[in-house]
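*Asks:* what's the 3D shape of this:
(one chain, ligands or ions: 1)
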Amino acid sequence: MNRDEWKEKLSLIKDSFFSALSQPGPDNAEALKVAYLGRKGELSLLLRDLKDFPIEERKALGALGNALKAEFEAALDAKAGVSGRFEARDKCAEDLTLPGYPFPKGGLHPLTVAAAKMCEGFQKLGFSVADGPLIEEDLFNFEALNFAPDHPARDMQDTFYVDLKDARGKDLLLRTHTSPVQIRTMKNTAPPLRVISAGRVFRSEAVDASHSFVFHQLEGFALDRNITMADLKWTLDAFIKDMFGSSAKTAFSPSFFPFVEPGAQVAVSCVFCPGSGARCPVCKGTGWIELLGAGVIHPNVVRNCGYDPEQWSGFAFGAGVERFAMLLYGISDMRTLYENDLRVLKQL
Ligand code: DAH
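*Replies:* Now for the predicted structure:
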């Protein structure tokens, strides 16, 4: 082989290399590397042929051959880089047009649903919604609601006190009920008023199937001229029928709360054992389920909020949201509502 033949061969190898390299296929680069640059590769063999050439020609042709070798290596590296990227893409998503993985949707907690249902029931009757703080002053949580400082009625509500004082130097507390919203709203807004408010309340109580140190209440009240117990009875009866169906009956029995006079305990006819009753675990055979406290707003409370009780009167009620949620979902242990076990919540 003379010098020109060698050069001709080099040029053929170059053409066939680049034409092979342009073919698609991820493993192409590796195969070409062996076929051209491997120990028995075409370019390697051609370079080895140079040993028979005179020294000057060997140098010149060797430089050409080595330049082409570098060119092949660079082209192979570039191709390997590209196919590497394709491979990574192919591994993570074979078809980028397929829909994505489903993302689990959350749902509202049963307590949220129960509170919203209760609020809706009263909104339909013309009540609007108010809010109040969780950390309260003694004035709003007790005093203005007609709990005298040493009155034993305060013992009904074991209170968490906060290590902070209000403007009068009294200990702040975690509200024990939602009734302070009555005072705050009456002091800030002119009657006629029809207002509800739902939220968390706190009492220092041991946790069991029907008690917790944090629970939820829905408060409601009306203040207007000539409001009587009859307005309260009609309103609660309409609400209870809306929640439990038109056959639900409402019973009022006398009870004591310092901020109402008269005060009542309100019960609904058992929704689980219509009629029979004797062994019903919910009403314990009485046929009635206690739902809430209510009454006609005490004249002292009306006065404490700046109104003349001869001119203005009202009714009020307070209900446990947990109690409603348990009845609506048929839950017998209140702790179910706080444990947040998704296996349970998903069934509700
Ligand atoms: N605040 C009372 C409690 O937590 C419930 C209550 C009773 C609220 C009678 C009222 C009411 O508005 O009139 O025990």
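*Asks:* can you list the residues of this protein near the ligand?
*Replies:* By CB under 6 Å from any ligand atom, the part of the chain that sits against the ligand consists of 177, 179, 219, 257, 260, 293, 294, 295, 316, 317, 318. For the C-beta atoms, the positions are set from N, CA and C on the backbone; glycine is no exception.
*Asks:* these two touch, right, the second one and residue 219?
*Replies:* Yes: the pair residue 179 and residue 219 qualifies as a contact (CB atoms under 8 Å) at a distance of 5.9 Å.
*Asks:* list the residues that contact both of those two?
*Replies:* Counting by CB atoms under 8 Å, 6 or more residues apart in numbering, the contacts common to residue 179 and residue 219 are 316, 318.
*Asks:* Of the two, which one has the most company?
*Replies:* Neighbours of residue 179 and residue 219, each counted by other CB atoms under 10 Å, are more numerous for residue 179; the result is 30 against 24.
*Asks:* Next, the more buried one: phi, psi?
*Replies:* Note on residue 179: its backbone torsions stand at phi -60, psi -30 [degrees, to the nearest 10].
*Asks:* Now do it, the pLDDT please.
*Replies:* According to the predicted model, the pLDDT of residue 179 comes to 98.
*Asks:* OK, contacts around it?
*Replies:* Counting by CB under 8 Å, 6+ apart, the residues that residue 179 touches are 141, 145, 219, 259, 316, 318.
*Asks:* Then residue 32?
*Replies:* Applying CB under 8 Å, 6+ apart, we find residue 32 in contact with 17, 20, 21, 72, 76.
*Asks:* does it sit in a helix, a strand or a coil?
*Replies:* Put simply, residue 32 is helix when judged by DSSP: H, G, I helix; E, B strand; the rest coil.
*Asks:* How much space separates it from residue 43?
*Replies:* Computed as CB to CB, to the nearest Å, the residue 32 to residue 43 distance reads 11 Å.
*Asks:* How about residues contacting stretch 241-257?
*Replies:* Stretch 241-257 has contacts (CB under 8 Å, 6+ apart) with 117-118, 121, 124, 153, 233, 236-237, 240, 262-269, 271, 274, 288, 293-295, 324, 327-328.
*Asks:* need the strands for the stretch 151-300 of the chain, in chain order.
*Replies:* Along the stretch 151-300 of the chain, counting by DSSP state E, counting those that start in this stretch, strands occupy 161-165, 171-174, 193-202, 214-224, 250-255, 260-269, 288-297.
*Asks:* Adding mean pLDDT, write those strands out as JSON lines.
*Replies:* Supplementary listing: the strands of the stretch 151-300 of the chain in JSON lines, determined by pLDDT from 0 to 100:
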{"stretch": "strand 161-165", "mean pLDDT": "95"}
{"stretch": "strand 171-174", "mean pLDDT": "96"}
{"stretch": "strand 193-202", "mean pLDDT": "98"}
{"stretch": "strand 214-224", "mean pLDDT": "98"}
{"stretch": "strand 250-255", "mean pLDDT": "98"}
{"stretch": "strand 260-269", "mean pLDDT": "97"}
{"stretch": "strand 288-297", "mean pLDDT": "96"}
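*Asks:* Next, format those strands as JSON lines and append distance to residue 61.
*Replies:* Output for those, formatted as JSON lines (distance: least, CB to CB, whole Å):
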{"stretch": "strand 161-165", "distance to residue 61": "94"}
{"stretch": "strand 171-174", "distance to residue 61": "94"}
{"stretch": "strand 193-202", "distance to residue 61": "90"}
{"stretch": "strand 214-224", "distance to residue 61": "90"}
{"stretch": "strand 250-255", "distance to residue 61": "109"}
{"stretch": "strand 260-269", "distance to residue 61": "105"}
{"stretch": "strand 288-297", "distance to residue 61": "103"}
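*Asks:* buried set for stretch 47-62?
*Replies:* In terms of neighbour count (16 or more other CB atoms under 10 Å), stretch 47-62 has its buried residues at 47, 50, 53, 61.
*Asks:* what does that stretch contact?
*Replies:* Contacts of stretch 47-62 from elsewhere in the structure, counted by CB under 8 Å, 6+ apart, are 1, 3, 6, 7, 10, 65, 66, 69.
*Asks:* what's the closest of those to the ligand?
*Replies:* Nearest to the ligand among the contacts of stretch 47-62: residue 69, at 90.2 Å, using CB to the nearest ligand atom.
*Asks:* got the domain boundaries for the protein?
*Replies:* Annotated domains of the chain cover 3-91, 110-345 [automatic domain parsing].
*Asks:* Go through those domains and pick out the most buried.
*Replies:* domain 110-345 (a mean of 17; mean count of other CB atoms under 10 Å).
*Asks:* Could you work out the end-to-end span of that domain for me?
*Replies:* Distance between the two ends of domain 110-345: 8 Å, counting by CA to CA, to the nearest Å.
*Asks:* Thank you kindly, that will do.
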